[in-house]
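K.L.:
here are the coordinates; sequence isn't available:
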């Protein structure tokens, strides 16, 4: 019952927002209510001792296993935090934000609710076909969110996002069909649990073709280079709260798709699967390193940092360190969410995304500047960030050539991000000095990013403690 | 009923070629609708009627596929075309005869590849895999080689038709929920893209996709905000 309820609740919220054409205030209440209730229900399902609460009505299609429980918790917690921030941000944005027409608010809120519902469906689907349908649905409901400020640039970003992701996910559909051909002898009909039980009866040659297509397809959505081209555009044009959701929650959904398909690999193909994942991961790191250095747009810089971390996650999965990968994913989601929210605040205050125009934010917007510095350091894996622990453990696991490459690339990315951060925060004020009333409005929105970074610090210290204990 | 399925698949190949050389937008939309009819009727032709009648869900899927692919999607494309006041010429980036040669070459490759490299089960029609691969390629080619944003939508539909043809030809079954879900996704996608086309037309005063070049990494004085 509970899994189905988790999917139905946000979708119902979306329908309510859309049909009743809720104005700004009731829509905010609706969104907050949906996300809070969803968080409660998820907590009840994941942590309560009541037996059978995870039981699903149609276990062949929808259900909750240990992997989906982890992803589900990250997504729902993140969505709750973002919706808290959104409720405080929206009035300020409508008052001070960009000129021009905005998306109709009831459409915006209903797409937000539906976005949560489809993401939960991705996490809970137990069938590769249904998984595909859900991943494509997340693309469709998140596209109107990018169009919050209607204009040429956001239209272009949304068009690229829709087209590139749909073609990519179309390839994944082809791959899913090839997977059905590969598993024809097992009569599993794309059911994950059945396929997992009889994975060695899957035809290896067809499986390889299927995996390559699915990796390319879901990899497009996940932002693995060289399929990442939509990601910087969409992340930079969308408002900060939407970028936070796209980067922190949506990318994980596609990762889950790849993990699911990789987990049913027949014995002969496991090696190729892991090599492909590591290869794409390294390519993503290289692309991110190239574009982060001397990047002129701070939201694009964050987007490329997401490409970097998705590459790292692919390496985690490829190297067989899935548990570490989960910690990395949790840390990355929270940190990147905080950073995109702060980026939204800075954009609200200064009205520009150009790094060269900014400067001296520590004087003009001290809270946001400090949060920004902390977030960037955390995203680069400076301890006590949980990413430090996971990246360190990953480097210990890989062979010497690979780990040297990864360390070198991570260092370049660190240098590029800190250079931009210093330019933005320290020194004299830049050309785009925030007007005092806008800066004051942006300075009020510090709660959620701070809470996320505090949570990360605690997780990071906990794992550092574990490692130190293990060494002794 | 093998003969009938082979005829339908051969027709699919013909539509691919005529899409590669179609110079008018309305013409392309009509051919895509024809592809929708072929794909929709394919399960009826492939069913072994002598062995018994299919289940109700089978008819339901056929009916919904026909409704969406052969009627609704082409109608939406036509509406988007009129609303966005697109010029009816296609203005290709790659000329028509060259397009035809490229698609033909891809078909040849697909046939060669499937003939010598893939062992298919006996009950699958021999044309299935090459026809599906050619259609997928044609779709991707049209997305790349035509200038207007609306042709990218058409290309995506062709691409998706190819994938569906593959699934139908291989007689894969993945449940009514998934089949209808896929159709719903494609429908909503084209719907949203239709709205986006309208807005793009209003903002840019035309819908050439090659004008969509504002977002890039090296933007310096391109009027970035």
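P.N.:
Perfect, thanks for sending it. What you are looking at is a predicted structure, and each value in this text was computed from that prediction instead of being measured.
K.L.:
make it CA atoms for all contacts and neighbour counts henceforth
P.N.:
Fine.
K.L.:
for chain A, what are the nearby residues on chain B?
P.N.:
Within chain B, the positions adjacent to chain A are B:152, B:156, B:159-160, B:163, B:167, B:170, B:172-174, B:177-178, B:181-182, B:185, B:188-189, B:192-193, B:196, B:199-200, B:203-204, B:212-217, B:224-225 by C-alpha under 8 Å from any C-alpha of the partner chain.
K.L.:
which bits of the stretch 351-472 of chain A sit near chain B?
P.N.:
Going by C-alpha under 8 Å from any C-alpha, the residues of the stretch 351-472 of chain A near chain B are A:351, A:352, A:353, A:354.
K.L.:
So which elements touch the helix or strand that contains residue A:109?
P.N.:
For residue A:109, the host element (DSSP states H and E) is helix A:105-124. Judged by 3 or more C-alpha pairs under 8 Å, 6 or more residues apart in numbering or on different chains; DSSP states H and E, helix A:105-124 is in contact with helix A:2-19, helix A:24-47, helix A:66-96, helix A:128-146, helix A:251-263.
K.L.:
Buried deepest among those, which one?
P.N.:
Most buried of those by mean neighbour count (mean count of other C-alpha atoms under 10 Å in any protein chain shown) is helix A:128-146; its value is a mean of 25.
K.L.:
Report the rounded mean pLDDT for that helix.
P.N.:
Mean per-residue pLDDT for helix A:128-146: 94.
K.L.:
so how far is it off the chain centroid?
P.N.:
Distance of helix A:128-146 from its chain centroid, counting by C-alpha atoms, centre = their mean, to the nearest Å, is 14 Å.
K.L.:
That one vs helix A:251-263, what angle?
P.N.:
Comparing the axes of helix A:128-146 and helix A:251-263 via axes from the mean of the first three to the mean of the last three C-alpha atoms, to 10 degrees yields an angle of 160 degrees.
K.L.:
pretty sure residue B:106 contacts residue B:137?
P.N.:
Yes - with contact defined as C-alpha atoms under 8 Å, residue B:106 counts as touching residue B:137 (7.3 Å).
K.L.:
ok, residue A:163 - contacts?
P.N.:
residue B:152 (C-alpha atoms under 8 Å, 6 or more residues apart in numbering or on different chains).
K.L.:
give me the low-pLDDT residue ranges for the chain?
P.N.:
Looking at chain A here, since you left the chain open. Applying pLDDT under 70 to chain A picks out residues A:50-53, A:99-100, A:470-472.
K.L.:
if you could check chain B rather than the one you did, that'd help
P.N.:
Applying pLDDT under 70 to chain B picks out residues B:1-2, B:87-88, B:90, B:205-211, B:213, B:218-225.
K.L.:
out of everything not next to it in sequence, what's closest to residue A:128?
P.N.:
residue A:190 (5.4 Å; C-alpha to C-alpha, 6 or more residues apart in numbering or on different chains).
K.L.:
I'd like to know how many residues surround that neighbour.
P.N.:
25 (other C-alpha atoms under 10 Å in any protein chain shown).
K.L.:
Could you list every helix and strand that the helix or strand hosting residue A:302 packs against?
P.N.:
Using DSSP H and E, the element containing residue A:302 is helix A:298-318. Helix A:298-318 is packed against helix A:230-237, helix A:251-263, helix A:270-292, helix A:322-350, with contacts defined by 3+ C-alpha pairs under 8 Å, 6+ apart.
K.L.:
Report the angle between the third one and helix A:298-318.
P.N.:
Same thing as helix A:270-292. 160 degrees.
K.L.:
Please say which of residue B:106 and residue B:137 ends up with more neighbours.
P.N.:
Taking neighbours as other C-alpha under 10 Å, residue B:106 and residue B:137 compare with residue B:137 leading, 22 against 18.
K.L.:
Show residues contacting the helix or strand hosting that one.
P.N.:
Assigned by DSSP H and E, residue B:137 belongs to helix B:128-145. For helix B:128-145, contacts defined as C-alpha under 8 Å, 6+ apart pick out B:6, B:9-10, B:12-13, B:16, B:20, B:92-94, B:103, B:106-107, B:110-111, B:114, B:151-163, B:165-166, B:169-170.
K.L.:
Which ChimeraX command selects the buried ones in the residues you listed?
P.N.:
Those of the contacts of helix B:128-145 that count as buried under 16 or more other C-alpha atoms under 10 Å in any protein chain shown are selected in ChimeraX with:
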select /B:6,9,12,13,16,20,92,94,103,106,107,110,111,114,151,152,153,154,155,156,157,158,159,160,161,162,163,165,166,169,170
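K.L.:
Out of the contacts of helix B:128-145, list just those in helices.
P.N.:
Using DSSP state H, the members of the contacts of helix B:128-145 that fall within helices are B:6, B:9-10, B:12-13, B:16, B:20, B:103, B:106-107, B:110-111, B:114, B:151-163, B:165-166, B:169.
K.L.:
Quick check on the residues of chain B next to chain A: which are buried?
P.N.:
Buried among those by 16+ other C-alpha under 10 Å: B:152, B:156, B:159-160, B:163, B:167, B:170, B:173-174, B:178, B:181-182, B:185, B:189, B:192-193, B:196, B:199-200, B:212, B:214-215.
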